[in-house]
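Asker: Take a look and give me a structure for this.
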Amino acid sequence: MPLRDTSAHQAATDRTFQVDLRGLVDLLSHHLYSSPRVYLRELMQNAVDALTARHAIEPHGAFGIRLYADGSVVRVEDDGVGLTEDDVHTFLATIGRSSKRAEGIAEQRADFIGQFGIGLLSCFLVADEIHVLSRSARTPDAPAVEWRGRGDGSYTVRTLPASARPRPGTTVTLTPRADAGEWTRPAQVHSLARHFGSLLRHPLTFDDGSGGESAPVNPEPAPWSRTYPTPGARSRALAAYGEEVFGFTPLDTIELDLPAVGLKGIACVLPEAVPAGRRHGHRVHVKGMLLSEQAEEILPEWAFFVRCVVDAESLRPTASRESLYEDDTLAAVRDALAERLRAWIARAAASDPDLLHRFLQAHHLAVKSLAVHDDEILRMLLPWLPFETTDGHCTLDEFARTHRTVLVTSSVEEFRQVAAIASAAGLGVVNGGYTYDRELVHRLPEIRPEVSVADLDPATLTAHLDPVDRETELAAAAYLAQARDALSVFDCDVALRTFQPASAPALLVDSREARHERTRSQLAREQEGGLWGDILGALRQEAPRAQLILNQLNPLVRTAVTIDEPELARTSAEALYGQAAMLSRRPLRPAESSLINRSFLDLLAHALRKDS
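Answerer: Model prediction:
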């Protein structure tokens, strides 16, 4: 007979989560919202959504929003759709439930800014109590409803006569806490209203309680929505708006218009270069309400040469409404705006060379990063982009006219080592050490098929240096042997050649890769026998040696190779190596710095002994 479990069983009971409102407000203030100032944005946003809902039932009504702040209270009043008593219980007292999800208007949710049902909680960041007086426009002769919510999670609701609020709409009143004065003073409330609501499509006014007339906060529509007498006047107005918003005079302004998502705005081209990879935030408004001043996600990374201000209908904000939700719509908008920037570059290249020149002077790095991945921009702008070459700073188009074979270095250091010598030898070398340059130079044949491009190899350069005659080489053999012995510690060979310019006594031919390989080989030798040594030994190749090429045309070298004192010969070779290393402009190793100091002092001591 099977054993029976005789322990007591109890049926599961459904329970409801208990919400600590004070804890939730603390969570909002420290993690969801960036600053207490968002309370006013949330109230204005609720008012805008209420007006949107009322326009759906009264399309031709004239409705607006009125703000009031006198230092003791902050009040936001709207002529929106209002709330019934049931609405108040359902939406104001239930965290996370938004009236925009209500049955009958759920299909219109895209018309509203807020959709998360937590916006009103932000008021607890500056006040301990929220007072709401509302009257519904959906129900004729609806009574007024009063709701008082407190920070401890309690609230009261009561129905008032219609005379308590003669017209439909909602009034939200806050009595600020003493520690919230920074955000609730009249001047600050007015400033925040302009900051968040300057592009709202509904009339927005502010009253500071001084007895004067209410001041319009958004007296004019967005600058791109206005009518101008001429295209020039429009361009100047947009540039002036960009300067007002961003604080710089744009190099040019690019109008942005994506009807599919209801997006309009401008991109302001920065007049100066910005460091590579630094992304500026953009001002994004959703249905006129400022969402973010630092929305990096609206443009691709390569577009760091512009700052945008846009207003969109269909972009989806996150719950904090301070950034954009990453979805397919945002990705499509980002691609479409990128295409607008490409089109502007194309227009400048085709019809405004002066503007293009000024743009490339400031932002050639941004364009290079784009050209690497964009074949159209590559074909359009590669001939215009500046590069550092042995002919000076010039475009590849200019450089290719005189050099059918273009050599490109892999580093700035390598270019500086060989630039003067290569130029004198008639070689066309481009500095490929800067970001994107080497990759772009290798794509030059796509634009100019008659040009060939190759990486600069040390052997290519030394092949263009003329050998000395046999008698001269034999006469210098003893000195060269002393020099090789003195410089063997640097894995450096020494050779004698003739090359221009004659003022250059020596050329140090060495690459970063060769130095790394020699360092690895040295480590392998030092770690002989251990596990690390075996690993390095397996990777070890024949380490390429550096080359110090002495210039027989230089008077100093012609004198040096005749030295017959062994110590002086070694010292002079070390000095020539040190000078060539410094002229290469690469970082000196500690041993090289020590060698330069020692050789200078030894030469000075020799000169003093000789004089005495």
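
Asker: okay but Cys394 is in contact with Pro383, surely?
Answerer: No. Cys394 is beyond contact range of Pro383, at 10.9 Å (criterion: C-beta atoms under 8 Å). C-beta here means a position set from N, CA and C on the backbone, and glycine is covered the same way.

Asker: in the stretch 251-400 of the chain, which spans are helices?
Answerer: Applying DSSP state H, counting those that start in this stretch to the stretch 251-400 of the chain gives helices spanning 328-351, 353-373, 375-381, 396-402.

Asker: and what of the stretch 51-200 of the chain?
Answerer: Going by DSSP H, counting those that start in this stretch, the stretch 51-200 of the chain shows helices at 85-87, 181-184, 186-197.

Asker: average model confidence for the first one?
Answerer: In other words, helix 85-87. Regarding helix 85-87, the rounded mean pLDDT is 86.

Asker: which parts of that helix are buried?
Answerer: 85, 87 (16 or more other C-beta atoms under 10 Å).

Asker: what packs against that helix?
Answerer: Of the remaining helices and strands, none touches helix 85-87 by 3 or more C-beta pairs under 8 Å, 6 or more residues apart in numbering; DSSP states H and E.

Asker: repeat that with 10 Å
Answerer: In terms of contacts (3 or more C-beta pairs under 10 Å, 6 or more residues apart in numbering; DSSP states H and E), helix 85-87 is packed against strand 144-150, strand 155-160.

Asker: which residues of the stretch 451-600 of the chain score low on pLDDT?
Answerer: Residues of the stretch 451-600 of the chain meeting the criterion pLDDT under 70: 511-544.

Asker: show me the contacts for the residue lying closest to Ala162 once chain neighbours are set aside.
Answerer: Leaving aside its sequence neighbours, Ala162 sits nearest to Pro143 (C-beta to C-beta, 6 or more residues apart in numbering; 5.6 Å). Contacts here follow C-beta atoms under 10 Å, 6 or more residues apart in numbering; on that basis Pro143 touches 84-85, 135-136, 158-165.

Asker: returning to that earlier point: can I get the helices of the stretch 51-200 of the chain in JSON lines including distance to His606?
Answerer: Formatted as JSON lines, the helices of the stretch 51-200 of the chain follow (distance: least, C-beta to C-beta, whole Å):
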{"stretch": "helix 85-87", "distance to His606": "99"}
{"stretch": "helix 181-184", "distance to His606": "75"}
{"stretch": "helix 186-197", "distance to His606": "75"}
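
Asker: so which of those helices comes closest to Arg340?
Answerer: Of all the helices of the stretch 51-200 of the chain, helix 186-197 sits nearest to Arg340, with 26.2 Å by C-beta to C-beta.

Asker: chain center to the closest one, what's the gap?
Answerer: 29 Å (C-alpha atoms, centre = their mean, to the nearest Å).

Asker: how about it: buried residues?
Answerer: Quick answer for helix 186-197 (16+ other C-beta under 10 Å): 186, 188-190, 192-193, 196-197.

Asker: Which member of the residues you listed is positioned nearest Leu291?
Answerer: Distances from Leu291 to the buried residues of helix 186-197, taken by C-beta to C-beta, are shortest for Phe196, at 9.2 Å.

Asker: hmm, back to that, residues shared between the contacts of Cys394 and Pro383?
Answerer: In contact with both Cys394 and Pro383: Ala400, using C-beta under 10 Å, 6+ apart.

Asker: so how many other residues sit close to the spatially closest residue to Val274 that is not a sequence neighbour?
Answerer: Leaving aside its sequence neighbours, Val274 sits nearest to Phe304 (C-beta to C-beta, 6+ apart; 5.6 Å). Phe304 has 22 neighbours, counted by other C-beta atoms under 10 Å.

Asker: Quick one, which of the helices of the stretch 51-200 of the chain gets closest to Gly242.
Answerer: helix 186-197 (16.7 Å).

Asker: Give me the packing partners of the following helix or strand past the closest one, helices and strands only.
Answerer: The helix or strand immediately downstream of helix 186-197 is strand 204-207, counting by DSSP states H and E. When contacts are defined as 3+ C-beta pairs under 10 Å, 6+ apart, strand 204-207 packs onto helix 38-57, strand 65-69, strand 74-78, helix 186-197, strand 215-216.

Asker: Direction included, what does strand 204-207 pair against?
Answerer: strand 65-69 (parallel), strand 215-216 (antiparallel) (DSSP bridges).

Asker: and those strands, which is most packed in?
Answerer: strand 65-69 (a mean of 23; mean count of other C-beta atoms under 10 Å).

Asker: circling back: where among the strands paired with strand 204-207 is the average confidence lowest?
Answerer: Across the strands paired with strand 204-207, the lowest-scoring stretch is strand 215-216, with a mean of 93.

Asker: Go ahead and name everything in contact with that one.
Answerer: Under C-beta under 10 Å, 6+ apart, the answer for strand 215-216 is 64, 67, 190, 193-194, 203-208.

Asker: and the helix or strand following it, which residues are buried?
Answerer: Per DSSP H and E, the first helix or strand lying C-terminal to strand 215-216 is helix 231-246. For helix 231-246, the buried set under the neighbour-count rule, 16+ other C-beta under 10 Å, comprises 234, 238-239, 241-242, 245-246.

Asker: elements contacting helix 231-246?
Answerer: So helix 231-246, by 3+ C-beta pairs under 10 Å, 6+ apart, packs with strand 253-258, strand 263-269, strand 306-312.

Asker: Same list, these, but as CSV with mean pLDDT please.
Answerer: Shown next, in CSV, are the helices and strands packed on helix 231-246 (pLDDT from 0 to 100):
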stretch, mean pLDDT
strand 253-258, 96
strand 263-269, 96
strand 306-312, 95
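
Asker: Let me have those strands in CSV, extended by distance to Leu356.
Answerer: Shown next, in CSV, are those (distance: least, C-beta to C-beta, whole Å):
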stretch, distance to Leu356
strand 253-258, 14
strand 263-269, 11
strand 306-312, 15
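
Asker: mean pLDDT lowest for which of the helices of the stretch 251-400 of the chain?
Answerer: helix 375-381 (a mean of 83).

Asker: Any idea how far that one is from the middle of the chain?
Answerer: 22 Å.

Asker: how near is Leu456 to Leu508?
Answerer: 15 Å (C-beta to C-beta, to the nearest Å).

Asker: same deal with Arg54?
Answerer: 80 Å.

Asker: Could you do Glu565 as well?
Answerer: 24 Å.

Asker: Please say which of these two ends up with more neighbours.
Answerer: A direct count of neighbours by other C-beta under 10 Å for Glu565 and Leu508 places Leu508 higher, at 22 against 11.

Asker: Which positions within stretch 259-270 qualify as buried?
Answerer: For stretch 259-270, the neighbour count (16+ other C-beta under 10 Å) marks 261, 263-270 as buried.
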